[in-house]
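**Student:** Pasted the sequence and its predicted model underneath.
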Amino acid sequence: MGDPGLFTPNSVTWQMHGDPMMWVAGVRALYLQALHPRAVRGVIQNSDFRRDAWGRLMRTANFVGTTTYGTTDAAERAGARVRKIHSMLTATDPDTGEQYGIDEPGLLLWVHCAEIDSYLHVLRRSGFPLTDAQADRYIAEHRVSARLVGLDPVAVPASRAELAAYFGEVRPELAVGPDAREVDDFLLRPPTHPLLVPAREVLWRRVAELAYAALPPYAHELYGRPAPAPAVVTRRLRLTGAVLRRVPPRVRWQLPPKHILRAMARLGPQARPAPYKVGR
């Protein structure tokens, strides 16, 4: 058998990250991450995400796919690239003139926790079967991905209780300023070719609105835009999940960067991710 990678087919992560609702969860993570002024400032000042939206999305998907389904060496190299890039980037506070590195542990921890919380929240709420113990196991597994981006794993939440405590501590630092507004506007109306505008309004806008609706109540308050009642959001998430999961997995996995298919080719068909394998 080939190298199973950092997570292995026995992990909760291996099964979860093959679910199509990860795309909705990823958009929710962007909304949540934008609420930290120092973190979102680093993104705005160091990337041209408005003109390279698809490229940025695919680079993020490639990193998650590589660290989840790639070989140990591929995952470690992906982490090293991210750490190197982050080490060279800084942001400047327009009010104080302070210049700071975007690889500050506090900022890396916020981005990490917003992602893991979003992946877990959206998948569970949309019907992916996970017990509380399995959810805790998923969070603990991602001390590995936290290490890859430069965090000390010991300082990273490893359970739902620790993750909730972290969000409680960081909550006073969150706010919606001009940078967060720019991200919000971008997610609702990303630049696209004029011929694709109708598709954006029909498909993408629904994804963005569902991802926004799945945010915690304090995020809705900060953005100042209401969301449907929680029960309505849950029904929409479950319906969306049911529809997307009816698409044959091998069709979904043909989308770039094809990490799952490559992992199955390397490890054999038994490496196929599936929800029923979580409890094994």
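**Tutor:** Perfect, thanks for sending it. What you see is a predicted model, and the numbers here were worked out from it, not measured in a lab.
**Student:** contacts and neighbour counts: CA atoms only from here.
**Tutor:** Fine.
**Student:** so where's the stretch 51-200 of the chain uncertain?
**Tutor:** Along the stretch 51-200 of the chain, segments meeting pLDDT under 70 span 51-55, 191-200.
**Student:** buried sites along the biggest helix by length in the chain?
**Tutor:** As assigned by DSSP state H, the longest helix anywhere in the chain is helix 105-125. Of the residues in helix 105-125, 107-125 count as buried by neighbour count, 16 or more other CA atoms under 10 Å.
**Student:** how close does the nearest residue to L151 once chain neighbours are set aside sit to T71?
**Tutor:** The shortest distance from L151 to any residue other than its chain neighbours is 6.3 Å, reached at P105 (CA to CA, 6 or more residues apart in numbering). Note on P105: its distance to T71, by CA to CA, to the nearest Å, is 26 Å.
**Student:** what's the answer for L151, then?
**Tutor:** On the measure of CA to CA, L151 and T71 end up 21 Å apart.
**Student:** and if you look at A34?
**Tutor:** For A34, the distance to T71 - CA to CA - is 31 Å.
**Student:** okay, those two: which has more neighbours?
**Tutor:** A34 (26 against 20; other CA atoms under 10 Å).
**Student:** Can you name the residues that contact the more buried one?
**Tutor:** The contact partners of A34, by CA atoms under 8 Å, 6 or more residues apart in numbering, come to V40, V176, D179, A180, V183.
**Student:** Considering those, which possesses the most neighbours?
**Tutor:** Going by other CA under 10 Å, V40 tops the contacts of A34 with 27 neighbours.
**Student:** Now do stretch 36-52: everything it contacts.
**Tutor:** 33-34, 56, 89-93, 102, 107, 110-111, 173-177, 179-180, 186, 190-191.
**Student:** Would you report which members of those residues are assigned to strands?
**Tutor:** Secondary structure assignment (DSSP state E) places T90, A91, T92 from these within strands.
**Student:** In TSV: the residues you listed, plus distance to V64 and neighbour count.
**Tutor:** Shown next, in TSV, are the ones in strands among the contacts of stretch 36-52 (distance: CA to CA, whole Å; neighbours: other CA atoms under 10 Å):
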residue	distance to V64	neighbour count
T90	24	17
A91	25	20
T92	28	16
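**Student:** Pick the one among the residues you listed closest to N62.
**Tutor:** N62 has its nearest neighbour among the ones in strands among the contacts of stretch 36-52 in T90, at 23.7 Å by CA to CA.
**Student:** Distance-wise, check that closest one relative to I139.
**Tutor:** According to CA to CA, T90 and I139 sit 29 Å apart.
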